[in-house]
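K.L.:
prediction below, plus the sequence it came from.
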Amino acid sequence: MKGQVVLSTTALVAGYERDLPIVCGVDFAVKAGELVVLLGPNGAGKSTLVKTIAGLVPVHSGSMSLDGRDITAVPAHEKVRHGLAFVPQTENIFATLTIEENLLLAADILPHGNRRRRIAAMYEMFPDLATRPSLRAGQLSGGQRQMLAVARALVVEPAILILDEPSAGLSPRIVLDVFARLKAINTAGVTIILVEQNVKAALAIADRAIILVEGLIRHEGLAASLADDPIVAELYLGARHSEKVAAR
Amino acid sequence: MNPQPLMDGLISGSMIGLGAIGITLTYSILRFANFAHGEFISWGAYFALAVSGALGALSATLMAPLGPFSFGWSLPLAAVGAIALTAALALLVDALLFGRLRARRGSIIILVMASFGAALTLRSLLEFIFTSQPAYFTNALQIALRLGGGLRATPDQLLSLGVGAVLVVAIHLLLTRTAIGRSMRAVSENQQLAGVVGIDVRKVIRTVWILGAGLASIAGIIAGLLVQIRPQMGLDLLLPLFAAAILGGIGSVPGAMIAGLIVGLAEALTVQLIGAEWRAAVAFVILVAILLLRPQGLFGRPQ
């Protein structure tokens, strides 16, 4: 339901090595229907945070909950069944499988009757994928791969969709297309967390932004106000962005 | 030239192919060369021997030859039990050894060395339980049938070829047309992404062990039926198995079977043209040649 907390973390500490936490005590909550962007300099822990939420990085302490259910110790493949879909930054499709097989893999966790219906819905949402479903995914262009990765994540009608830098490696024109589609998906009711380096494009579509520095949340607020905040921009988003904001 | 080596090569090649499918599946999904795989072949044959013997003791009619074959109902029934027992053995080895090393993020070389250790242990156990004396499913003699073109084969040999062909098609269909097959291919390509998509990777790994060990068991039963049963039979097949798995291309089931047939034919032709003492060298030559010339094998993709 719109406005209810879908995902929250409490004092979350995580990292690949026990004595080297990368996420150092993060508290945040995302409400239904929101599009939240996670920003911050390189090495801030943005990707590690979303990977931890997805179940790919060990949690040292703290907790996470999804729709009120504690998912801290739930393995990655079970989280999908609880409604959490994650699109990694790279290698986010199975290149040796066909487009259809990539979608079927995700749909396999759905009841039998729903699988074809959901795949048909994805083909309707991403018509490029529908033209050649038997094409190996490895033959798709960068933008098409991102679309397939997003479609694969959406097949299961997740409560929340988390994307790790979907614009990485894409041309500026394709980035605009990807972001426009993400906004449309969000407008259709899907809650989204977006990790991005492309600050301007991300803030343009986001409702709210969270800025992470050295594994801690340093600032959060409405995306529109953050975009115009020169201090925040200079501190966390880089001087160039700050200069652009100041020049407006 | 006498064409009979072609038939002999196809028959031994189908055994090699079945074993190589197990190796190629484990290699592509668990990412290490399992040198204990040959022992699953031996254990499969001995499990079948033990179950068949027990069934024969219960009812002598089960040992009476079935139609043109040299064995009775006891062997197909024992094969079902042997497949289940070999699969259970593989799962036990994984739970006690490989699974623990994976959990500790053990490197590939450690897993390979562990598989050598597991192979030695399993082989020694077989020798301890069954002794190193050869054993046979049946003592019945079979007359080879004339197949035309100067080829001859016994009904048991023809059945073995048929079983190999049916199994390779079945495994290929399982991998390409079913949900578990898709999951296995996905885990083979990217284990982490597979988990994110909702695939239970541990279940896929268990399935791979069951399939690989089941096929190894069938290869062992065929080898035992056509030749003899010895604790060393798996070790003797190991080099041809790896040659076939690599020649076919790691991950390719049809590739493993076709390459198994190629290795079997090459061995048989070598015996005919050069001499029996060179038979064992053929698989090694094929293995080295493919690694130097086309490491991805005939049907594999370049890494």
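P.N.:
Structure received.

K.L.:
quick one: the strands in chain B, in order.
P.N.:
Assigned by DSSP state E, chain B shows strands spanning B:145-148, B:151-153.

K.L.:
looking at the ones you listed, which is buried most?
P.N.:
strand B:151-153 (a mean of 18; mean count of other Cβ atoms under 10 Å in any protein chain shown). All C-beta spots, glycine's among them, are computed from the backbone N, C-alpha and C.

K.L.:
pairing partners for that one, with directions?
P.N.:
Paired neighbours of strand B:151-153 in the sheet (DSSP bridges): strand B:145-148 (antiparallel).

K.L.:
please give me every residue in contact with the residue lying farthest from the centre of chain B.
P.N.:
The centre of chain B is farthest from one residue, residue B:196, which by Cα atoms, centre = their mean lies 32.3 Å away. By Cβ atoms under 8 Å, 6 or more residues apart in numbering or on different chains, the contact set of residue B:196 is A:54, A:55, A:56, A:76, A:77, A:80, A:86, A:88.

K.L.:
out of these, which are close to chain B?
P.N.:
Among the contacts of residue B:196, the residues that sit close to chain B (Cβ under 8 Å from any Cβ of the partner chain) are A:54, A:55, A:56, A:76, A:77, A:80, A:86, A:88.

K.L.:
before we move on, the earlier item: neighbour-wise, give me the winner out of the contacts of residue B:196.
P.N.:
Using other Cβ atoms under 10 Å in any protein chain shown as the neighbour criterion, residue A:86 leads the contacts of residue B:196 with 27 neighbours.

K.L.:
for chain B, which segments are assigned as helices?
P.N.:
B:4-30, B:37-58, B:74-93, B:99-103, B:108-130, B:155-177, B:179-189, B:191-197, B:201-226, B:233-248, B:253-273, B:279-293 (DSSP state H).

K.L.:
show me where chain A has strands.
P.N.:
Here chain A has its strands, by DSSP E, at A:5-14, A:23-31, A:35-39, A:59-66, A:69-70, A:84-87, A:160-164, A:191-195, A:208-213, A:216-222.

K.L.:
mind listing what's buried in the first one?
P.N.:
If I follow you right, that is strand A:5-14. Across strand A:5-14, burial judged by 16 or more other Cβ atoms under 10 Å in any protein chain shown covers A:6, A:7, A:8, A:9, A:10, A:12, A:13, A:14.

K.L.:
for the residue nearest to the fourth one when sequence neighbours are not counted, give its distance to chain B.
P.N.:
In this case it means residue A:9. In this structure, residue A:9 finds its nearest non-sequential neighbour in residue A:64, 4.9 Å apart by Cβ to Cβ, 6 or more residues apart in numbering or on different chains. The gap separating residue A:64 from chain B is 16 Å, by Cβ to the nearest Cβ, to the nearest Å.

K.L.:
what of residue A:71?
P.N.:
Relative to chain B, residue A:71 is positioned 14 Å away (Cβ to the nearest Cβ).

K.L.:
any low-confidence regions in chain A?
P.N.:
Within chain A, the ranges that satisfy pLDDT under 70 run A:1-2, A:231-248.

K.L.:
residue numbers of it in contact with chain B?
P.N.:
So chain A meets chain B at A:54-56, A:75-77, A:80-81, A:86, A:88, A:91-97, A:101, A:104-106, A:108-109, A:152, A:156 (Cβ under 8 Å from any Cβ).

K.L.:
where is the longest helix in chain A?
P.N.:
helix A:172-187.

K.L.:
ok and it relative to strand A:160-164, angle-wise?
P.N.:
Interaxial angle of helix A:172-187 relative to strand A:160-164 (axes from the mean of the first three to the mean of the last three Cα atoms, to 10 degrees): 160 degrees.

K.L.:
pull out the buried positions in helix A:172-187.
P.N.:
Quick answer for helix A:172-187 (16+ other Cβ under 10 Å): A:174, A:175, A:178, A:179, A:181, A:182, A:185, A:186.

K.L.:
before we move on, back to that, any chance of JSON lines for the helices of chain B, columns mean pLDDT?
P.N.:
Compiled in JSON lines, the helices of chain B are given as follows (pLDDT from 0 to 100):
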{"stretch": "helix B:4-30", "mean pLDDT": "92"}
{"stretch": "helix B:37-58", "mean pLDDT": "96"}
{"stretch": "helix B:74-93", "mean pLDDT": "97"}
{"stretch": "helix B:99-103", "mean pLDDT": "92"}
{"stretch": "helix B:108-130", "mean pLDDT": "96"}
{"stretch": "helix B:155-177", "mean pLDDT": "93"}
{"stretch": "helix B:179-189", "mean pLDDT": "94"}
{"stretch": "helix B:191-197", "mean pLDDT": "94"}
{"stretch": "helix B:201-226", "mean pLDDT": "95"}
{"stretch": "helix B:233-248", "mean pLDDT": "94"}
{"stretch": "helix B:253-273", "mean pLDDT": "91"}
{"stretch": "helix B:279-293", "mean pLDDT": "88"}
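
K.L.:
let me know which of those helices is the nearest to residue A:128.
P.N.:
Of all the helices of chain B, helix B:191-197 sits nearest to residue A:128, with 20.5 Å by Cβ to Cβ.

K.L.:
for the closest one, what is the distance to the chain centroid?
P.N.:
Chain-centre distance of helix B:191-197: 29 Å, with Cα atoms, centre = their mean, to the nearest Å.

K.L.:
kindly report the same for stretch A:14-30.
P.N.:
On Cα atoms, centre = their mean, the centre of stretch A:14-30 falls 17 Å from that of its chain.

K.L.:
what's the answer for stretch A:188-196, then?
P.N.:
6 Å.

K.L.:
ok, and what's touching that stretch?
P.N.:
With contact meaning Cβ under 8 Å, 6+ apart, stretch A:188-196 is reached by A:6-7, A:30-39, A:46-47, A:49-50, A:53, A:89, A:154, A:158-167, A:182, A:185-186, A:202, A:205-206.

K.L.:
now do stretch A:169-178
P.N.:
Residues contacting stretch A:169-178 (Cβ under 8 Å, 6+ apart): A:90, A:142, A:143, A:146, A:147, A:166, A:167, A:198, A:201.

K.L.:
buried ones among those?
P.N.:
If we count by 16+ other Cβ under 10 Å, the contacts of stretch A:169-178 have these buried: A:143, A:146, A:147, A:166, A:167, A:198, A:201.

K.L.:
now for residue B:95, how many residues are close by?
P.N.:
Using other Cβ under 10 Å, residue B:95 has 12 neighbouring residues.
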